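Chemist: compute the structure for the input listed below.
(chains A and B)
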Amino acid sequence: MKEENLSSKYKWCTLVLVITMTVLLIRLWDLQIMRGAEMRKLSEQNRIRVKKIVAPRGIIYDRIGKVLADTRPSFNIYLTPEDIHDFSQTVDGLARLIACDREEIIEKMKAASGMPPSFPIKIKSDIPMDEVARVEAHRVYIPGISIQIEPKRNYPYAASFAHVIGYVSEVSDEELKDKKKYKDYSPGDYIGKYGLERAYENDLRGVDGEKRVEVDAIGREVRTLDVIDPIPGNSLHLNLDLELQLSADKALETRKGAAVALNPKTGGVLVLASRPGFDPNLFASGISKTDWQKIALDKLHPLQNRAIQGGYPPGSTFKILLALRALDLGIINERTTFSCGGGFAYGNRVFKCWKKGGHGSVSVHRAIVESCDVFFYNVGLRLGVDRIHDFGNTLGLGRVTGIDLPNEQKGLLPSTEWKKRRYNQPWYEGETVSVAIGQGAVWLTPIQLAMLSSFVAGDGKNYKPQIVNRIVSTEGKVIKTFEPIVNADLKLKPGVLTIVKDGMRGVVNEPGGTAGASKVQSVLMSGKTGTAQAGSDKVKLGDHAWFIAYAPSDDASVAMAILVEHGLHGSSAAAPIAKGITETLFKVKTVIKEAKVNENR
Amino acid sequence: MRIDKRRYYHLDWYLIINGLLIFGIGLLNLVSATSSFSSGSYNFMIKQLIAFAMGLVLIVIVMYYDYRVIANHSRWIYLGGIFLVVLVLVIGLAAGGAKRWISIFGFSIQPSELMKPILVIFLANMLYEKKRQNTPLSLKDIAKPLLWTLIPFVLIVKQPDLGTGIVIILVCFAILWYIGLKKSTYAVLFGVGAISPFIAWHYLMKPYQKMRVLSFINIDADPAGFGYHAKQAIIAVGSGRFLGKGFMAGTQHKLQFIPEHHTDFIFTVFSEEWGFIGSVVLFALFISFINRCLKIAMNAHDELGAIIAFGIASIIYVQFTINVMMAIHLAPVVGIPLPFISYGGSSLLSMLVSVGLLLNISTRRYMF
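Modeler: Numbers count the residues shown, from 1 in each chain, chains lettered A, B, ... in the order given. The predicted structure follows:
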């Protein structure tokens, strides 16, 4: 009985041992044989980290090769979740070492929650040297932390080129959600957000490299296995001119407004300035909340590029468009005169000329030089709004010019068809009277008026404005050259351009010309002032000051449009800026010319 | 001291050689497992060898006294063990959030480890009479042994050392089963067994222990936290494949991806470096050792020896099985060392004392 009982217990034990062995061996077989290769791969990945080497962004040069945007090294702090042993130890420890909230760190980690735990999350960019030293000294106590030296975007001229060059910033969560468009980006990557940085993102970005390193469990690099070098981004060579831009920007600095200067022979953009501006360097090093709110909530809208996004009534500069069209159609000729008594009665309303006493009998030349409103009321009525609209549209007004910057605004050049579509109302002739002097429903951007100026300067031809001249690889190979693209090339009736150009030369150079004060010594400049009513009849704001110009008058190499918001008078506020640009541009040439003249003597 | 020569003839060389093989493998494995520590593996090996030497002395002492004499004093030994376990709670050394050690003469020892063989002798002494009568235990009969097991269990779990607590409670049940239970006793025990997990979950378990269970059920629930150890452990084992990465060539533990890889998770180091083949050999050695223990139990001179030998077999079986299952994610993470292999003096001493008892029983099998 006893032996029997014992041996039955023993049999049970044997059974248990056999079952145990079987279960353990099946599991081992599953792990080591069936899934062995996969597990081996996982263990390799554990050991080997792929670390990104950020490609330096392409450099942006002005037209003679001066650097407008480059990169400099910056120390960035990364956190690898997989290497964290104690969450609060690492996060609190880091928050104490660098000027960064615990909440900010957690927010960054949340943003990258879709990434594998071995993915290093950028916590802070461009930390100062003392923080670098502090973090390095305490690294052992905060597992998961690493410091990487990475290229950071640098804008030496800060706000002066902010709107045209734009800025880079970390790719946002919303962008990352768009998996198709931003599939090559991961959290912490920089992306062009504005201006050329955005428009040419694909060229400037380059291809990030990779470094495979063996790491230990707190993420310290034990050794480097191999390196794939990054390919730096291509550089942009612009048509912009550093000196001209700085001169325009300095003149605008304390005001609100924009300055555009084009090369009338190519459409190359020499100047594209807008104020108020902002410092793009703030964005490149990870803008702080307070800085961002300061910029975003500023009532002066420093983020708006007024040169291509600001719509303003063009005022008297618009008269050039009417003069060209009316002369070309033969509605008026050189000798056509209208009598200006200081006002123009139409319907039951009197439209005033800016000159109280009136200009008397004026021809087209004097009407441009002295900017007579009554003359153009007449011309406008005879042309009709649709012919003004169509012609302006051809030149590039009231539609996007196609400049290589994102978010250009169309402005508005009214027509009967537009009014019907927009308000379902017929166009009233009385409205044409206002449009004739660039008021009423006309809203144009500075770049569009620069196109008008360029059309006159280019003798009936203008080009699509282009900021970038060519894209060049780091090896110096030209990848793409942007050839001039004709925007409008019109065969106007002979003499038409001469009449208008004579008028515009008179504006600056003749006695009585509205911009006489801005006469340039070294070179002949032509132009047209504009003073546009701002605000509504109820809210009176200071008038916007306009000046469109080109120089030299006979064979122009620069065509400009200057706007000063609430600058009151085109002649006093805007024209001196054009004068400044012209003087800067022709400074060197004058010296050479004088030298040559002396030689001939 | 007069030692009966006959005992040497009856020394169980099978058990000794089998044990030495396991210990040898363990020592070799420990060298690799601790090679990445800043103090180097030498220190660990020396400490383990000192514990082994002390263990050999203990074996000789344990073998000198007849196990029946030892069992006669088991009450005092048990009380001494309980005293040490209580002492841990009062003056214990804390490490990793748990108080498990006390320092005696410069050695830190873990009384809960020693409690395992002590409890086996104590229970055996209490119950062998019943076994001899061959009467299945009623509910009333098991109340006393359960109570004497629950006292150290509660004290040890309070440290907290859940692993050792689980081992002693399972060993207690194994001994009760070995003696034989009435059908009604089985029924009640199964009933209690069925509801105890719910009681444990709601009233007894600490949040970190619950997290371990949850991440056992879903390993990916918290891969950076509690699931981390389990995941890294199976990666280590799996990556060993058929032949292993080779001695000292394991990467998982060397780069510190597996915590406690020289103590509770040491199987992952072995399996990563020696692969499926090595693991099969190690398993075979363990099964063979346990089997030998059971043989000793079967051939023991009396019921007392049989119960002690069986109890020790069940200690080794429970520790081996749970430790390996934990490493290959078949059980939640609990701190249970792998007998003879894991680094730790107390665990090794406890094992060697157990071997001493086994040899004691086997050499005295023909004595009357």
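Chemist: is it true that residue B:23 touches residue B:52?
Modeler: Yes - taking CB atoms under 8 Å as the definition, residue B:23 is a contact partner of residue B:52 at 7.0 Å. C-beta: built from backbone N, CA, C; applies to glycine.
Chemist: now for these two: what residues contact both?
Modeler: Residues touching both residue B:23 and residue B:52 by CB atoms under 8 Å, 6 or more residues apart in numbering or on different chains: none at all.
Chemist: shaky segments in the stretch 501-601 of chain A?
Modeler: Scanning the stretch 501-601 of chain A for pLDDT under 70 picks out A:535-540, A:588-601.
Chemist: which residue packs closest to the closest residue to chain B within it, ignoring adjacent ones?
Modeler: Chain B sits closest to residue A:565 of the stretch 501-601 of chain A, with a gap of 54.4 Å, by CB to the nearest CB. Closest residue to residue A:565 apart from its sequence neighbours, by CB to CB, 6 or more residues apart in numbering or on different chains: residue A:256 at 4.0 Å.
Chemist: check that neighbour and give its pLDDT.
Modeler: Reported pLDDT at residue A:256 in the predicted model: 90.
Chemist: ok, now residue A:333?
Modeler: Residue A:333 is assigned 89 on the pLDDT scale.
Chemist: what's near enough to touch it?
Modeler: The contact partners of residue A:333, taken as CB under 8 Å, 6+ apart, are A:327, A:364.
Chemist: surely residue A:485 and residue A:463 touch.
Modeler: Yes - the criterion here is CB under 8 Å, and residue A:485 meets it with residue A:463 at 6.1 Å.
Chemist: any residues in contact with both of the two?
Modeler: Contacts common to residue A:485 and residue A:463, judged by CB under 8 Å, 6+ apart, are residue A:267.
Chemist: which one of the two is surrounded by more residues?
Modeler: Higher neighbour count among residue A:485 and residue A:463: residue A:463, with 25 against 12, using other CB atoms under 10 Å in any protein chain shown.
Chemist: so what's residue 252 up against?
Modeler: I'll assume chain A. Neighbouring residues of residue A:252 by CB under 8 Å, 6+ apart: A:258-259, A:273-275, A:564, A:577.
Chemist: oops, chain B please
Modeler: A:43, A:46, B:232, B:235-236, B:239, B:258, B:261, B:268-269, B:272.
Chemist: and those, which is closest to residue A:367?
Modeler: residue A:46 (81.8 Å; CB to CB).
Chemist: what's the helix or strand for the closest one?
Modeler: Element membership for residue A:46 (DSSP states H and E) is helix A:36-47.
Chemist: identify each buried residue in the host helix or strand of residue B:22, please.
Modeler: Using DSSP H and E, residue B:22 sits within helix B:13-33. Residues of helix B:13-33 classed as buried by neighbour count (16 or more other CB atoms under 10 Å in any protein chain shown): B:15, B:18-19, B:21-23, B:25-33.
Chemist: same deal with stretch B:199-213?
Modeler: Applying 16+ other CB under 10 Å to stretch B:199-213 flags B:205, B:209, B:211-213 as buried.
Chemist: and that stretch with chain A, contact?
Modeler: No - Stretch B:199-213 lies apart from chain A when judged by CB under 8 Å from any CB of the partner chain; the minimum separation is 12.8 Å.
Chemist: ends of that stretch, what's the gap?
Modeler: The first and last residues of stretch B:199-213 sit 15 Å apart, counting by CA to CA, to the nearest Å.
Chemist: any low-confidence regions in the chain?
Modeler: I went with chain A, as the question did not name one. A:1-6, A:114-118, A:216-219, A:535-540, A:588-601.
Chemist: right idea, wrong chain: chain B
Modeler: B:1-8, B:38-39, B:93-98, B:105-106, B:220-226, B:255-257, B:367-368.
Chemist: where along it do the strands fall?
Modeler: B:93-95, B:98-104, B:107-109 (DSSP state E).
Chemist: run through who's touching the second one.
Modeler: For strand B:98-104, the external contacting residues (CB under 8 Å, 6+ apart) are B:84, B:87-89, B:91-93, B:95, B:108-112, B:159-161.
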